[in-house]
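Asks: build the 3D model from these lines:
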Amino acid sequence: MTDTRIHIHHLTRVEGHGDITVRIRNGSLEEVRFSVVEAPRFFEAFLRDRDYNEVTHLASRICGICAVSHRGAALKATESAFDSEISDQSLLLRRLAFHGEILSSHVLHIYFLAAPDYLGVPSLLHWAKRDRDTVLRAMRLKQTAYDLCKWVIGRHTHPVAMNVGGFPFVHNTRQLAPLREALVASMADIRDTVSLFNSFSIPTFERDTEYISLSHPDQYAIYDGDIVSSEGTKVPPRQYRDVIHEYIVPYSTAKYARANRPEYMVGALARVNNNFGQLSPFAREIADLAGLTVPCFNPFMNTTAQIVECAHCLEDSVLIIDRLLATGICVEDEQAEIRPCAGGGVGAVEAPRGILFHEYEYDEKGKCLSANLVIPTAQNLGNLEADMRAFTPGVLHQEEGAIAHALEMLVRAYDPCISCSTHVVRLE
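Replies: Have a look, this model is predicted:
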């Protein structure tokens, strides 16, 4: 390519609407950007003046894929504002629900969004005629994840049974034994998933990157932990504004963010890079089989990191279920007493696509006075564009269609959840 303009309008196989624009002049890269073009959704505005129970319920509607994460972050922020603590039992149950969501979301991306790029088909359903077992494997893994969320919180999409302080019902442990069997059986499907991806030719591209995630001294951090950066920063969630600095750009309806560097990455690869030693034994086995070593600076390996996290979620879920079966469910521990009071709180969790922040200020009656939400995909946008700028010169020798497809693959490797990220607009 010497002089051309590539414009991919509404990139496919991602959640939401995003455009890729590339300008090449005299054989050199002049411009490359990823634009979020969805209408803003004003999350922070529609949560104001709502009762705290409405706030946490509406928060799950922000995203149908990451509904558990948004509700979990809202619950944590609200409980922090009211200086309320949940029981150890409720903490285990919430971790179990998060495992279900991460497994479900990762499988969606691994098989249905990313794999078709390497299989050479428009969608995984086109692959069913050639390899029915692969499609059935993906469906089985998704179903297991849904069943796990259903047992803990009623359903995965927009969960209805996870409250401030705990849960509004008593969990039936008789359903745990068959659920445990399904989780154990899914481990073989994860091994087969690694075999499938090992047959793909993953692009060899690296760029030194800052990685930000939660980190916990006792476990692989998904629900709890401090904010850590690969640059050495470590702060508690309440100080997230000291690390995460949001800003806007004129061509996107999503905010961007910077930290120690002008851009950083969140998500599965960031978590694995920052917390590799706390992965479960089965997850580390899968990482070894997949050839994933840390630190890893190849954004295309984010999908491989998701496979590793699927293995961790399966094994840790089995361990949590074993604890619940051994101790039983204590009815008194299902719901803690909640007393609304004036104050503010921050909830930080790991959504499938990266660290997620909810911050609320409440009055003495528990009415929301203000809200601030920092979305994983929005945090990734600056790093994605930096990767695109570094990656594109290496493919300029290819035909225009091949360049466009390579850039699509890079964007999809980030597994963007674009609709989540659109919540700002500049009016002039």
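Asks: can you give me the strands in the stretch 101-250 of the chain?
Replies: Remark: strands assigned in the stretch 101-250 of the chain by DSSP state E, counting those that start in this stretch are 212-215, 226-229, 234-235, 245-247.
Asks: right, and the helix or strand after the last one?
Replies: Next along the chain after strand 245-247, taking DSSP states H and E as the criterion, comes strand 256-258.
Asks: now that next one, how far from the centre of its chain.
Replies: Chain-centre distance of strand 256-258: 17 Å, with C-alpha atoms, centre = their mean, to the nearest Å.
Asks: hmm, who's touching that strand?
Replies: By C-beta atoms under 8 Å, 6 or more residues apart in numbering, the list of residues contacting strand 256-258 from outside reads 244-249, 263-264, 374, 378-379, 381-382. Placement of C-beta: from N, CA and C, glycine included.
Asks: just checking: what are the partner strands of it?
Replies: Partners of strand 256-258 in the sheet, by DSSP bridges, are strand 245-247 (antiparallel).
Asks: follow-up on the earlier one: of all the contacts of strand 256-258, which comes closest to residue 102?
Replies: Nearest to residue 102 among the contacts of strand 256-258, counting by C-beta to C-beta, is residue 379 at 17.3 Å.
Asks: let me know the secondary structure of the closest one.
Replies: Three-state call for residue 379 (DSSP: H, G, I helix; E, B strand; the rest coil): helix.
Asks: got the contact list for it?
Replies: Residue 379 makes contacts with 212, 244, 256, 257, 264, 266, 354, 355, as judged by C-beta under 8 Å, 6+ apart.
Asks: now it: how far from residue 255?
Replies: Noted for residue 379: a distance of 9 Å to residue 255, by C-beta to C-beta, to the nearest Å.
Asks: over to residue 415?
Replies: Note on residue 415: its distance to residue 255, by C-beta to C-beta, is 18 Å.
Asks: what of residue 82?
Replies: Using C-beta to C-beta, residue 82 is found at 28 Å from residue 255.
Asks: ok so, going back, among the strands of the stretch 101-250 of the chain, which is the most enclosed?
Replies: Most buried of the strands of the stretch 101-250 of the chain, by mean neighbour count (mean count of other C-beta atoms under 10 Å): strand 212-215, with a mean of 24.
Asks: residue 415 and residue 255 - which one has more neighbours?
Replies: For residue 415 versus residue 255, the count of surrounding residues by other C-beta atoms under 10 Å is larger for residue 415: 27 against 21.
Asks: residue 19: helix or strand, and which one exactly?
Replies: Assigned by DSSP H and E, residue 19 belongs to strand 18-25.
Asks: list of residues touching the helix or strand just after that strand?
Replies: Later in the chain than strand 18-25, the nearest helix or strand by DSSP H and E is strand 28-36. Under the contact criterion C-beta under 8 Å, 6+ apart, strand 28-36 has outside partners 16-24, 251-254, 381, 384-385, 388-389, 392-393, 396, 407, 411, 418, 421-422.
Asks: strand 28-36 vs strand 18-25, what angle?
Replies: Computed by axes from the mean of the first three to the mean of the last three C-alpha atoms, to 10 degrees, the angle separating strand 28-36 from strand 18-25 equals 170 degrees.
Asks: the stretch 1-150 of the chain: helices as residue ranges?
Replies: 43-47, 52-59, 67-81, 88-107, 115-119, 124-127, 132-153 (DSSP state H, counting those that start in this stretch).
Asks: export those to TSV and tack on mean pLDDT and distance to residue 187?
Replies: Output for the helices of the stretch 1-150 of the chain, formatted as TSV (pLDDT from 0 to 100; distance: least, C-beta to C-beta, whole Å):
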stretch	mean pLDDT	distance to residue 187
helix 43-47	88	37
helix 52-59	95	32
helix 67-81	97	22
helix 88-107	97	12
helix 115-119	94	19
helix 124-127	90	21
helix 132-153	96	10
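Asks: as a markdown table, those helices with mean neighbour count would be great.
Replies: Below are the helices of the stretch 1-150 of the chain laid out as a markdown table (neighbours: other C-beta atoms under 10 Å):
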| stretch | mean neighbour count |
| --- | --- |
| helix 43-47 | 17 |
| helix 52-59 | 21 |
| helix 67-81 | 27 |
| helix 88-107 | 24 |
| helix 115-119 | 19 |
| helix 124-127 | 16 |
| helix 132-153 | 19 |
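Asks: could you dump those helices to TSV with distance to residue 237?
Replies: As requested, the helices of the stretch 1-150 of the chain are exported to TSV (distance: least, C-beta to C-beta, whole Å):
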stretch	distance to residue 237
helix 43-47	18
helix 52-59	16
helix 67-81	8
helix 88-107	15
helix 115-119	34
helix 124-127	37
helix 132-153	22
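Asks: closest to residue 239 out of these?
Replies: helix 67-81 (12.8 Å).
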